[in-house]
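> Whatever this is, show me its structure:
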Amino acid sequence: MLKTALKPKWIGTLLGCLIAATLFVLLSQWQFGQSTEKAPTTSGKTENAVPLTSHFQPGRDMFAPDADQIVTAKGRFVEGSALLVNRLKDGAEGYWVVAAFLPDGAPEGNVIPVARGWQQEATAPQALPTGSVELRGRLLPSEAPTAGPSSEGKGLKDLSAARLANVWDRDSYDGFIAIFDATSAGADVGAASAGLEPIWVGPQPEEDKVNWLNIFYGVEWVVFAGFAFFIWWRLVKDDMVRDQEYQTELEAWKARQAVRAAQAAGEHTASGTEPAATHATQPAATPQNHTSDQAANERPSRKDPHA
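Just a heads-up that it's a prediction; the model follows:
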């Protein structure tokens, strides 16, 4: 088969298959590259603080574009609203201190839960700061409420805005703020001022999206690349088979010719005449015998359908 494959036309065909396969592989790589949609970075959007009242309003559900945004708010804490919510910090069990915050500019009576800081002991939180407070923190979606208090009965299991709205008997935003810092009249009233550990909640990582249709197309182009070589191999094999069949027919024709020559020589020797004279005295063959004799002695020819 190697001898057939080294024919100039099949070498040229192989080069064409290599070019086509290279193009198919490049198309496959492009499809694989398009199959994964990178998640947009949040550093240019969610990390730039915006006013709470212009970014999100009470009375509506919080969707993905609303969550994770760092917001600022000015208002006051609702006296006596502080409570504990079970929360782990670096693997240690403890509590978030959460209180109701009434933002300026929000519809009257609407509060938003604010997580001021974390403490390990289930002791009563310190008194909330009074007066006007300016705070900055990350706006997060409300958690789903779970039944009952914690196993120790010292804190809530979740930070559900719906649950807290019932506890405080006030309308609430559908979300909460984990504050990073807070000031009142220029003084720090954040977590450290209340003996709490600060809370830091980073933006939620966005998952890359996978387009399976592009992956299918990428695999398809790889199959096409392999199929190009398969077609070349099949054409070369068919050509080799035709060569073998031609050689077999040629050998058979040569054998027939040798037999006929031997028979003719034997007849001439027995009659004692020269071949030319014998042919001169022989009667002409009938058209039917001549046609049959021509077909029997016709030299085989190789016809290449791909030539």
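
> which residues touch residue 218?
28-29, 31-32, 35 (CB atoms under 8 Å, 6 or more residues apart in numbering). Yep, even glycine has a C-beta here, placed from its N, CA and C like the rest.

> pLDDT value on it, please?
Residue 218 carries a pLDDT value of 86.

> That one: what's its closest spatial neighbour, skipping adjacent residues?
The shortest distance from residue 218 to any non-neighbouring residue, by CB to CB, 6 or more residues apart in numbering, is to residue 31 (3.6 Å).

> Of the contacts of residue 218, select the buried ones using a PyMOL command.
Typed into PyMOL, the line below selects the buried ones among those, using 16 or more other CB atoms under 10 Å:
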select buried, resi 28+31+32+35
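
> Return the subset of the contacts of residue 218 lying in helices.
28-29, 31-32 (DSSP state H).

> Report the two of these separated the most.
Distance extremes for the ones in helices among the contacts of residue 218: the farthest pair is 29 and 31 at 7.3 Å, using CB to CB.

> about what we covered before: the residue nearest to residue 218 against residue 212, yeah?
No - here residue 31 does not reach residue 212: they are 11.2 Å apart, not a contact under CB atoms under 8 Å.

> What's the end-to-end length of stretch 32-46?
Terminal residues of stretch 32-46 lie 30 Å apart, using CA to CA, to the nearest Å.

> now residue 173: how far from residue 164?
Computed with CB to CB, to the nearest Å, the distance linking residue 173 and residue 164 is 10 Å.

> Spit out the residues that contact the two alike.
Listed contacts common to residue 173 and residue 164 are residue 113; contacts here mean CB under 8 Å, 6+ apart.

> rewinding a little: TSV please, covering the ones in helices among the contacts of residue 218 and showing distance to residue 1.
Listed next are those as TSV, based on distance: CB to CB, whole Å:
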residue	distance to residue 1
28	29
29	32
31	34
32	34
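
> Residue 300 and residue 253 touch, don't they?
Yes - with contact defined as CB under 8 Å, residue 300 counts as touching residue 253 (5.5 Å).

> Can you tell me how far the residue nearest to residue 218 is from residue 125?
Look at residue 31 and residue 125: by CB to CB, they are 57 Å apart.

> go on, residue 87?
From residue 87 to residue 125 the distance is 14 Å (CB to CB).

> Next: residue 60.
Spatial separation of residue 60 from residue 125 under the definition CB to CB is 30 Å.

> More neighbours: which of those two?
residue 125 (19 against 10; other CB atoms under 10 Å).

> Would you mind identifying the helix or strand in the chain with the lowest mean pLDDT?
The helix or strand of the chain with the poorest confidence is helix 275-281; it has a mean of 45 (mean pLDDT, DSSP states H and E).

> pLDDT weak spots in the stretch 201-307 of the chain?
The stretch 201-307 of the chain contains residues with pLDDT under 70 at 205-208, 270-298, 301-307.

> so where do the strands sit in it?
Assigned by DSSP state E, counting those that start in this stretch, the stretch 201-307 of the chain shows strands spanning 209-210.

> picking up where we left off before, could the ones in helices among the contacts of residue 218 go into JSON lines alongside pLDDT?
Shown next, in JSON lines, are these (pLDDT from 0 to 100):
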{"residue": "28", "pLDDT": "87"}
{"residue": "29", "pLDDT": "86"}
{"residue": "31", "pLDDT": "85"}
{"residue": "32", "pLDDT": "83"}
